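J.: quick check, what structure comes out for this input:
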Amino acid sequence: MSNIHGLVRPQLDEIILDPKRPLIISDADEVLFLFMEAFERFLAGRELWIDLSTFALAGNIKRLGTDDAISADATRALIPDFFAEATESMEPVPGAADALAALSHRAQVVVVSNVPVIQRDARIRALARHAMGYPVVANVGAKGGVVRHLADRVTGPVFFLDDIPHNHSSVATHAEDVRRIHFVADPRLARLIPASEHSHHRIDDWPTARLQIEETLAEAGF
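T.: Predicted coordinates:
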C-alpha cells in the first residue's frame, strides 16, 4: 500500500470483501452522480457559468453574462465549496441504481471516488438515499494503487468504471488484469473526452454497461 495516500488506507481497512465473488469498482461523479449538472447549478448561484467548449475547468469558468474567465486560483477555491454544498444533493445518473442492484446479485460493489475525504460521509448518505448503499472509499490521487489493493482481495473478475482517462491509465499500470470501462454520463462532456486508450470499453449508459459486465461474468463462469 506504499502508493496509497495515508488518508485512504484506514478506509480500505473497513472494506469487507468476499474473496470468491467478482468485484465492481465504480467512480461516483459522472458515473453514479450527475456532477456537471450540479456544478452548473452551484456556479449559477455565484453568478458564474462554465464554458463546455473544451474539457477543462481552468479558463472555462466565467462571469455570468460575459466571456471573462475567473483566475485559476479562484477556480481551485471553488471546488471544496462545491463539494461541501452539493455532495448530498447531486442527482443520480439514470439507470445506475437499477443496474448495480441487478449486478450485485453476482458481484460486490465498492465506490472509489475522489470526493474530498471530509465529504465521505455525505457521499455515503447520498448513495444510500438513491438505493446505492455500497462501501465508499474517498480516494486521494490516481486510483491505480487502490484498485490493485482491492483486486488482490478477490479471485473473480474485477471491473473498474471511471470518467477520467488518467485514472484508467493508472489502473492499467497497477492492475492490468482489471476490466476497465470508460464511462462519462453527461453527453456534453462525453463529446469532449475521447475514449481512454487504456480502457477496454467506452460505454456512457448503465444499461449497456450492465450488459457488458454480465457478459464478461458469464464468460468467466459467474
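
J.: on the pLDDT front, check the residue lying closest to residue 187 once chain neighbours are set aside for me.
T.: Among residues not flanking residue 187 along the chain, residue 204 sits closest, at 7.4 Å (C-beta to C-beta, 6 or more residues apart in numbering). In this view, the C-beta of every residue, glycine as well, is placed from N, C-alpha and C. You'll see residue 204 listed with a pLDDT of 98.

J.: and the most centrally placed residue in the chain, how far from residue 194?
T.: With distances taken as C-alpha atoms, centre = their mean, the residue of the chain nearest its centroid is residue 27 (2.0 Å). Residue 27 is 18 Å from residue 194, where distance means C-beta to C-beta, to the nearest Å.

J.: and residue 58, by the same measure?
T.: 20 Å.

J.: where does the protein have low pLDDT?
T.: 1-2 (pLDDT under 70).

J.: mind listing the helices for it?
T.: Secondary structure of the chain (DSSP state H): helices at 9-14, 35-44, 72-86, 96-103, 120-129, 144-151, 165-174, 187-192, 206-219.

J.: burial check on residue 214, number of neighbours?
T.: 16 (other C-beta atoms under 10 Å).

J.: and it, what does it touch?
T.: Counting by C-beta atoms under 8 Å, 6 or more residues apart in numbering, residue 214 touches 103, 106.

J.: how does the protein divide into domains?
T.: Taking automatic domain parsing as the reference, the chain has its domains at 9-34+91-219, 36-86.

J.: among those, show me which one is buried the most.
T.: Highest mean neighbour count among the domains of the chain (mean count of other C-beta atoms under 10 Å): domain 9-34+91-219, with a mean of 19.

J.: give me the distance from that one to the chain's centre.
T.: 6 Å (C-alpha atoms, centre = their mean, to the nearest Å).

J.: mind checking the end-to-end distance for that domain?
T.: 33 Å (C-alpha to C-alpha, to the nearest Å).

J.: before we move on, what about stretch 82-95?
T.: First-to-last residue span, stretch 82-95, C-alpha to C-alpha: 25 Å.

J.: got a list of contacts for it?
T.: By C-beta under 8 Å, 6+ apart, stretch 82-95 touches 29-35, 37-39, 41-42, 115-116, 118-119, 122-123, 125-126, 129-130, 132, 185, 205-207, 210.

J.: tabulate the domains of the chain in CSV, adding columns for distance to residue 3.
T.: Shown next, in CSV, are these (distance: least, C-beta to C-beta, whole Å):
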stretch, distance to residue 3
domain 9-34+91-219, 4
domain 36-86, 24
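
J.: how near is the residue nearest to residue 187 to residue 158?
T.: 21 Å.

J.: picking up where we left off before, in contact with the residue nearest to the centre of the chain, which residues?
T.: 111, 112, 113, 114, 143, 161, 162, 163, 164, 167, 183.

J.: how deep is residue 3 tucked in, by neighbour count?
T.: Residue 3 has 13 nearby residues by other C-beta under 10 Å.

J.: quick one on the thing from earlier: between the contacts of residue 27, which sits nearest residue 76?
T.: residue 114 (14.4 Å; C-beta to C-beta).

J.: excluding its backbone neighbours, what's nearest that closest one?
T.: Using C-beta to C-beta, 6+ apart, the closest residue to residue 114 is residue 139 (5.2 Å).

J.: just checking, that neighbour touches residue 116?
T.: No - counting by C-beta atoms under 8 Å, residue 116 is not a contact partner of residue 139; they are 10.4 Å apart.
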